[in-house]
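1. predicted model and sequence follow; I will ask about them next.
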Amino acid sequence: MRIPIREVTPETETAEVLGWVHEVRDLGGLTFFLLRDRSGILQVTVPKKKVGEQVLSALRDASRESLVRVKGRVKAIGKAPGGRELVPEEFEVVCRSESPLPLDVVEKVPAELDTRLDARFLDARRPRVAAVFQVRSVALQTVSDFLYARGFVNISTPKIVAAATEGGTELFPIAYFEKEAFLNQSPQLYKQMMMGAGFEKVFEIGPIFRAEEHNTTKHLNEATSIDVEVSFADHHAVMELLEELIVTVYRDVNERCSSALEALEIGALPVPKAPFPRLPYSEAIRMAAEATGDPITYGDDIGTAAEKAIGELMGEHYFVVDWPTEIKPYYAMPYEDNPTVCKAFDLMHPRMELSSGAQRVHQHDLLVRQIQAKGLNPDNFEFYLEPFRYGMPPHAGWGLGAERLIMTMLSLGNIREAVLFPRDRHRLTP
RNA sequence: GCCCAGGUAGUGUAGUGGCCUAUCAUGUCGGCCUGUCACGCCGACGACUCGGAUUCGAAUUCCGACCUGGGCGCCA
């Protein structure tokens, strides 16, 4: 019976394993195979004079990255990796790998990201790549557990929609029978409608689509959004929820992913400390202007250079709060005593923006005025506006980019490393 | 959308007008090798994205196409 490689220890007597041929070192009368499965690597040592003809002929066929089955005696050997090796009695090539390989799984020769993504199934055989997705899996489970434990309802909302969520032009049009439709850029409006339904706390982890033609290491055209909306909450409450979530994810990944973090050669993650600093937008602008020397003034967006400069000064996760109403979406709630400023916030990692959120406008007439103030036509938002006429509770929420969370947590150089099959400006396959 | 950079064996690279029937590594194939762990040694195989132009001569210069990477705007 097949056992995972990790379970083969120096104390094991006999073992049967299935794994991929990671490396072959043929010394002549003695051949070493390194066999790899998702749990680890095992050395198979074949003394050619002492094994049967069946083993010898299979050996010749066992090219790199072939899947093989080996059954034999385990020997405790100090100089072998893991202190043990397997001497085969049976050796079978289950599925042969062709050669040459599209990329070098052992990484003696590096491969460019583009080459790696073209052969992602092979790339993902590399332990350090697999490790990223183990961490991603654990992180997303932690997010769900965290939110379920606080009484959130997991919802699924349409990805095919009739109109833009926020009025931008950055939507992918698709053919929907005889109608025009789009891929949704955000579950924003649907989350809010469920506040109107009285669900009180909802979350969704799902794809969002942005048709922007950027070509950077931190943008994707299909990304995963962790979206949350909470009734009877203000922006302060959901910022606290968010920072607590971030801390919990880091802590859980440390606890549950030590071998993956080891494979990534980064060791234990420094866990951010809550509460994160709240940096008012006006102060952020002042810092950026001073640090960069650029003429950045109140009301400007915080561009990449400014974002980088502020990130270096802050050196940890932080919130930018109290944004000008003018540069945030119509659904962000203006302060009652100063409507030029709104209850919106961005969660920043020193490297980039991770999340943005706000307390939302829940008053129908104010929302209509804000939509108009952005130069949009409220008639196009009728399906969204309707719930606001029938007892919409005050509410707040945020959207957190899952890939950016993973990327910043693991110090990945490119966001594509945090997605199995990224969709960017040029890539539509695999 | 704007701006830069780049396409050389399966992979990663060197090569800026003749020294290129193109470098090195890895790989693959063959040979030797019983303790390797980037095994070692010997030999072989394998590439200039495409089209046009300049030139006695182009991987190298120019033009166009195709493909790619990155930056910016904007954003998660």
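-> Perfect, thanks for sending it.
2. residues contacting the residue nearest to A:Gly391 when sequence neighbours are not counted?
-> Spatial nearest neighbour of A:Gly391, chain neighbours left out: A:Gly196 (7.4 Å); criterion: Cβ to Cβ, 6 or more residues apart in numbering. Just so you know, the C-beta spots here come from the backbone N, C-alpha and C atoms, and that holds for glycine as well. Under the criterion of Cβ atoms under 8 Å, 6 or more residues apart in numbering, the neighbours of A:Gly196 are A:387-388, A:390-393.
3. which bits of the stretch 251-400 of chain A sit near RNA strand B?
-> Proximity of the stretch 251-400 of chain A to RNA strand B, by Cβ under 7 Å from any atom of the strand, involves residues A:301, A:303-305, A:307, A:327, A:346, A:352-356, A:399-400.
4. could you rerun that using 6 Å?
-> Residues of the stretch 251-400 of chain A lying close to RNA strand B by Cβ under 6 Å from any atom of the strand are A:301, A:303-304, A:307, A:353-356, A:399.
5. return the subset of those lying in helices.
-> When helices are assigned by DSSP state H, the members of those inside them are A:304, A:307.
6. show me what contacts A:Leu56?
-> A:Leu56 touches A:Lys48, counting by Cβ under 8 Å, 6+ apart.
7. what distance do you get for it to RNA strand B?
-> A:Leu56 sits 12 Å away from RNA strand B, taking Cβ to the nearest atom of the strand, to the nearest Å as the criterion.
8. which parts of the helix or strand containing that residue are buried?
-> Following DSSP states H and E, one finds A:Leu56 within helix A:53-61. Neighbour-count burial for helix A:53-61 flags A:55, A:58-59 (criterion: 16 or more other Cβ atoms under 10 Å).
9. any chance of these in a markdown table, with pLDDT too?
-> Conversion of the buried residues of helix A:53-61 to a markdown table gives the following (pLDDT from 0 to 100):
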| residue | pLDDT |
| --- | --- |
| A:Val55 | 89 |
| A:Ala58 | 89 |
| A:Leu59 | 89 |
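10. tell me the SS of A:Leu35?
-> In the three-state summary, A:Leu35 is assigned as strand, counting by DSSP: H, G, I helix; E, B strand; the rest coil.
11. bridged to A:Val74, which residues?
-> Listed beta-bridge partners, A:Val74: A:Leu86 (assigned using DSSP bridges).
12. need the contact list for it.
-> Contacts for A:Val74 (Cβ under 8 Å, 6+ apart) come out as A:8-10, A:12-15, A:84-87.
13. show me the contacts for A:Met392.
-> A:192, A:195-196, A:362-364.
14. distance of it from RNA strand B?
-> Between A:Met392 and RNA strand B the computed distance is 21 Å (Cβ to the nearest atom of the strand).
15. can you classify that residue by secondary structure?
-> Assigned by three-state DSSP, the conformation of A:Met392 is coil.
16. so for it, what's the pLDDT?
-> Here, the pLDDT recorded for A:Met392 equals 96.
17. what about the closest residue to A:Asn414 other than its chain neighbours, which SS state?
-> Leaving out its chain neighbours, the residue that sits closest to A:Asn414 by Cβ to Cβ, 6+ apart is A:Thr217, at 4.4 Å. Secondary structure assignment for A:Thr217 (three-state DSSP): coil.
18. please report how far A:Thr217 lies from A:Glu170.
-> When Cβ to Cβ, to the nearest Å is the yardstick, A:Thr217 and A:Glu170 sit 19 Å from each other.
19. pLDDT weak spots in the stretch 151-300 of chain A?
-> A:164-169 (pLDDT under 70).
20. just the strands in it please.
-> Under the criterion DSSP state E, counting those that start in this stretch, strands of the stretch 151-300 of chain A are mapped to A:153-154, A:160-161, A:173-176, A:179-183, A:201-209, A:222-231, A:278-280.
21. so how far is stretch A:171-183 from its chain's centroid?
-> The chain centroid and the centroid of stretch A:171-183 are separated by 27 Å, computed with Cα atoms, centre = their mean, to the nearest Å.
22. an error on my part: the question was meant for stretch A:413-430.
-> Relative to the chain's own centre, stretch A:413-430 is displaced by 11 Å; criterion: Cα atoms, centre = their mean.
23. and it, end to end?
-> The distance separating the two terminal residues of stretch A:413-430, taken as Cα to Cα, to the nearest Å, comes to 21 Å.
24. quick one: mean pLDDT for that stretch?
-> Rounded mean pLDDT across stretch A:413-430 is 90.
25. show residues contacting it.
-> Counting by Cβ under 8 Å, 6+ apart, the neighbours of stretch A:413-430 from elsewhere in the structure are A:113, A:117-118, A:120-121, A:124, A:129, A:132-133, A:136, A:213-215, A:217-224, A:402-404, A:406-407, A:410, A:412.
26. of the residues you listed, buried ones?
-> For those, a neighbour count by 16+ other Cβ under 10 Å gives the buried set as A:117-118, A:120, A:129, A:132-133, A:136, A:218-224, A:402-404, A:406-407, A:410, A:412.
27. restrict those residues to those near RNA strand B?
-> The subset of those within reach of RNA strand B, counting by Cβ under 6 Å from any atom of the strand, consists of A:219-220, A:223, A:403-404.
28. format these as CSV; extra columns: distance to A:Asn254.
-> Converted to CSV, those look like this (distance: Cβ to Cβ, whole Å):
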residue, distance to A:Asn254
A:His219, 28
A:Leu220, 26
A:Ala223, 25
A:Glu403, 20
A:Arg404, 19
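29. would you mind listing what in the stretch 101-250 of chain A touches RNA strand B?
-> Residues of the stretch 101-250 of chain A found near RNA strand B (Cβ under 6 Å from any atom of the strand) are A:102-104, A:108-112, A:114-115, A:210, A:212-217, A:219-220, A:223.
30. hmm, try it at 7 Å
-> Selection of the stretch 101-250 of chain A residues close to RNA strand B by Cβ under 7 Å from any atom of the strand yields A:101-104, A:108-115, A:168, A:170, A:186, A:210, A:212-221, A:223, A:225.
31. show me these that map onto helices.
-> Those of those mapping onto helices are A:113-115, per DSSP H.
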